[in-house]
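**Q** Model the structure of this input:
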Amino acid sequence: MVKLTLDVLRDAIAGGAVAFRSINRLLPAGGAHDKVFPPTYLKEKGAKTRYAFEQRMIDGALKPAVLLDSVASQANRMEEALLEAWRRGELRFPLVRVDFSKVAELEDLDTISALQAPHRIADALLRDSLLDKVPFRLSAVGRAITDARPDHATAMYAYCPTALIFGVWDSTGPRGGSGSKFQRSLVSEIVGIGAEAGVKTASRLDPAQIASGVKIYQDPGDASEWTSAESVDPKRAKLYNRGGAKEAGRPAAINHGNIPPTIESDSGGVTIEYALHTVVLSLPALRRLRFTAQSSGAPFASRGARDAAELAARTVLAALALAAIVHQHDRGYDLRSRSLLVGTGPLRIERVGRDGAAEVIELAQDAANQLVAEATAAAANLGLAWESAPIDLAPTPKLADIIRQSRKLALSSPEEPGEAS
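**A** Predicted coordinates:
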């Protein structure tokens, strides 16, 4: 086992390796026999389930497999892990966020950062916010991020380095679909191996025994509320319907009455032999990132100075990516309702050489945090420092207003709760 020091990591980035990877087996927390529930998707023609089933080559043989957590979902979980470490003060890196904490009726949102927004630093939530009363995209920071690209990545490194790890496409910026694209350097997914689809049952017994034949009506004074036949003229009143219930006017529309036992076969969970969590950090992807100027905007003194700074910045990104792997693992694998997985051994991370040979590296959480701090300081000394304090944006009044309107609309026509899968 190789202890991952800053020198060892720097050597790997410089060309001594092609990737870091982590391949770990997981099992359902309830035991190998227990069901887990994968994410559901719209059924394609001919599909028997709403799950993403496919055949995978495992140990030289095809085996039925099911997607338990996609690449995009895993990226979100790693971002959440990094954000939590940032909040605890264990890691320090740039963070651009929209602050709702002082906005009337939206205080509960607190802040939404580029690590939480669906399109990261390019998300519309940030685009439609203000930095020092200036539209974010027109601010100095916003302009610099808009101009960033893989061969000119200094600004993205300085203000949102996580976008260089998890990828971003600036499709909502001034250039639209021609906006800069940064590929994912870190890819992770969890797949269930030897998967067999199951069924699930559903029913509800109403203690009040409200019959399904009872009619409910829309309240004439408040269309969002229901009332009984006693309060309206049934011949003129509208039957009540909430959340798109299949039949208007039935007690089920307001969560009353019995639900007869049913069996669902298209989203009834799966049993698996084991789950395989695979993570790959591509070092060639990091090497393609170029840093043509210092964080201050000044040019490098020489080509040698630039080469050293670029290597240092790529080392920082690799350290932060490895920290994401470690922090996510330590947070556990509670993917969704009835999908809690546990490891079958300690986290295993390998350094993969150009010849495919792999060496196991030693990297605990504290060591990963320290590695990020050391790499960050080394890069800053060479001219590539990043913003240490969070950059707080304020939502524009129009953004705040559409969020409020959306909440009111949701209250007036709430969706029926369903069993999560």
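
**Q** and the longest helix seen in the chain, how far out from the chain's middle?
**A** Assignment by DSSP state H gives helix 303-331 as the longest helix of the chain. Its chain's average C-alpha position is 20 Å from that of helix 303-331, according to C-alpha atoms, centre = their mean, to the nearest Å.

**Q** Identify each buried residue in it, please.
**A** For helix 303-331, the buried set under the neighbour-count rule, 16 or more other C-beta atoms under 10 Å, comprises 306, 308-329. To be clear about C-beta, it is placed using only N, CA and C from the backbone, and glycine gets the same treatment.

**Q** That helix - what's its average pLDDT?
**A** In this model, helix 303-331 carries a mean pLDDT of 98.

**Q** so after it, what's the next helix or strand?
**A** strand 333-334 (DSSP states H and E).

**Q** on contacts alone, who are the packing partners of that next one?
**A** Here strand 333-334 touches strand 340-343, going by 3 or more C-beta pairs under 8 Å, 6 or more residues apart in numbering; DSSP states H and E.

**Q** tell me which residues of the helix or strand encompassing Thr262 are tucked away?
**A** Taking DSSP H and E as the definition, Thr262 sits inside strand 259-264. By neighbour count on 16+ other C-beta under 10 Å, the buried set for strand 259-264 is Glu264.

**Q** just checking, what packs against that strand?
**A** strand 200-204.

**Q** And for the strand it packs on, what's in contact with it?
**A** The contact list for strand 200-204, computed with C-beta atoms under 8 Å, 6 or more residues apart in numbering, reads Asn258, Ile259, Pro260, Pro261, Thr262, Ile263, Glu264, Ser267, Gly268, Gly269, Glu419.

**Q** what's the answer for stretch 368-379, then?
**A** 4-6, 9, 85, 90-93, 309, 312-313, 315-316, 318-320, 322-323, 326-327, 363, 385-386.

**Q** what about the stretch 101-250 of the chain, any weak spots by pLDDT?
**A** Along the stretch 101-250 of the chain, segments meeting pLDDT under 70 span 243-246.

**Q** All the strands of it, residue numbers only.
**A** Listed in chain order, the strands of the stretch 101-250 of the chain (DSSP state E, counting those that start in this stretch) span residues 111-113, 129-131, 134-135, 168-169, 181-182, 186-193, 196-197, 200-204, 216-219, 222-228.

**Q** and Tyr157, which of those strands is closest to it?
**A** strand 181-182 (10.6 Å; C-beta to C-beta).

**Q** From the contact counts, what lies against that closest one?
**A** The contact analysis (3+ C-beta pairs under 8 Å, 6+ apart) places strand 181-182 against strand 168-169.

**Q** helices or strands up against the strand it packs on?
**A** Applying 3+ C-beta pairs under 8 Å, 6+ apart, one finds that strand 168-169 makes contact with strand 181-182.

**Q** How is the chain divided into domains?
**A** In the assignment given by automatic domain parsing, the structural domains of the chain cover 2-196+267-402, 200-264.
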